[in-house]
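Participant: quick one: sequence plus predicted model below, questions after.
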Amino acid sequence: MTHRGGRLVLPQAEGWDQLIYSAHGTVTVHTGLGSWVVPPHRAMWVPGGIRHRIDVAGRATLRILYFAAGLRDAGCQVLVVSRLLRELIMHTVAEAPLYLDVPRHRNLVAVLTDLLGDVAPEPALQLPTPAEPRARAMADLLREHLSDAPGIAALAVRTGASRRTLERLFQAETGMTIGEWRRRQRMLEALRLLSEGRPVAEVAGAVGYATPSAFSAAFRTELGVAPTQTVTAEAVAAPARPHG
């Protein structure tokens with residue numbers, strides 16, 4: 001399926017897990033627990049019954065597979081997709097529907113599920129959403145002030161909680177400090193904007209950095225590659241300092 005920019009809601013039934021593979025373009029998957037950015041050649045694993053929506057940046061080509069629940073003992077994750085796994089996903093979609101009483105289909109499913117069972121997640125592409133009302137209010141303020149730079153203490157006053165309290169809540173609920181969460185938020189939004197073809201200097205300003213060089217350094221620290229590599233690179237590395 002090829003989708004132009006906009007919002008997409010896919011059917012998701014209880015008892016069926018969903019694999020959303022981005023063959024081209026970048027999408028953001030939102031649930032009540034957080035947001036995940038899925039760049040090209042990545043896949044998003046969504047367990048059955050979790051309501052979610054997909055925001056498409058620019059134009060994206062998606063391949064969707066459904067699996068009986070229980071293949072991966074984990075929640076929502078962005079997954080590393082190897083070349084072999086990529087080809088298997090594309091071939092499986094082309095062959096679907098598959099029937100386990102057909103030997104060729106049964107063998108294909110076996111190889112695919114074996115690979116998916118061990119594939120590594122990419123936590124750097126997740127932005128968890130805190131549930132506690134004051135911490136959630138702080139997260140909303142940080143999203144609202146993505147491109148400007150009010151201090152965290154000044155924003156904390158607007159939530160009715162002290163910065164110390166909010167830091168404790170963010171650590172408990174997201175595994176990150178407020179500063180780390182803000183930087184992750186900015187880098188994931190930058191990744192989305194870069195996938196639309198926007199120049200690095202424009203993206204740097206849009207996510208609150210005064211210079212492209214400062215932005216590029218922060219981007220590389222958080223995501224492991226330079227901003228100019230993200231559109232064509234097949235891998236976004238894990239962050240140098242993993243959070244949570």
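Facilitator: Looks like it came in fine.

Participant: what's the following helix or strand after the helix or strand of the chain with the lowest mean pLDDT?
Facilitator: One helix or strand of the chain scores below all others by mean pLDDT, DSSP states H and E: strand 2-8, with a mean of 75. Following strand 2-8 in sequence order, the next helix or strand is strand 16-31 (DSSP states H and E).

Participant: name the strands paired with that following strand and say parallel or antiparallel.
Facilitator: Applying DSSP bridges, strand 16-31 is found paired with strand 34-38 (antiparallel), strand 42-46 (antiparallel), strand 53-68 (antiparallel).

Participant: now mean neighbour count and distance to residue 184 too, for the ones you listed, in TSV please.
Facilitator: Every C-beta, even on glycine, is put in place using the N, C-alpha and C of the backbone. Compiled in TSV, the strands paired with strand 16-31 are given as follows (neighbours: other Cβ atoms under 10 Å; distance: least, Cβ to Cβ, whole Å):
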stretch	mean neighbour count	distance to residue 184
strand 34-38	24	10
strand 42-46	23	16
strand 53-68	18	17
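
Participant: for these, which one sits closest to residue 134?
Facilitator: For those, proximity to residue 134 was assessed by Cβ to Cβ; strand 34-38 is nearest, at 17.4 Å.

Participant: please list the outside residues in contact with stretch 137-152.
Facilitator: If you take Cβ atoms under 8 Å, 6 or more residues apart in numbering as the criterion, stretch 137-152 is touched by 129-130, 155-156, 158-161, 163, 166, 170, 178-179, 181-182, 185-186, 189, 205-208.

Participant: and these, which are buried?
Facilitator: Among those, those classed as buried by 16 or more other Cβ atoms under 10 Å are 129-130, 155-156, 159, 161, 163, 166, 170, 178, 181-182, 185-186, 189, 206-208.

Participant: just the ones in helices from these, please.
Facilitator: Judged by DSSP state H, helices contain the following of the buried ones among the contacts of stretch 137-152: 155, 156, 163, 166, 170, 178, 181, 182, 185, 186, 189, 206.

Participant: nearest to residue 31, of those?
Facilitator: Nearest to residue 31, judged by Cβ to Cβ, of those is residue 185 at 16.0 Å.

Participant: and the nearest residue to the closest one once chain neighbours are set aside, which of the three is it?
Facilitator: Of all residues not flanking residue 185 in the chain, residue 127 sits nearest, at 5.7 Å (Cβ to Cβ, 6 or more residues apart in numbering). Classification of residue 127 using DSSP: H, G, I helix; E, B strand; the rest coil returns strand.

Participant: show me what residue 127 is bridged to.
Facilitator: Listed by DSSP bridges, the beta-bridge partners for residue 127 are residue 35.

Participant: now it: how far from residue 24?
Facilitator: For residue 127, the distance to residue 24 (Cβ to Cβ, to the nearest Å) stands at 23 Å.

Participant: neighbour count winner among these two?
Facilitator: Between residue 127 and residue 24, counted using other Cβ atoms under 10 Å, the more crowded position is residue 127 (21 against 13).

Participant: domain assignment for this protein?
Facilitator: Domains of the chain are assigned by automatic domain parsing as 2-121, 130-229.

Participant: pick out the shakiest of these, pLDDT-wise.
Facilitator: Looking over the domains of the chain, mean pLDDT reaches its minimum on domain 2-121, with a mean of 87.

Participant: start to end distance for that domain?
Facilitator: From its first residue to its last, domain 2-121 covers 25 Å (Cα to Cα, to the nearest Å).
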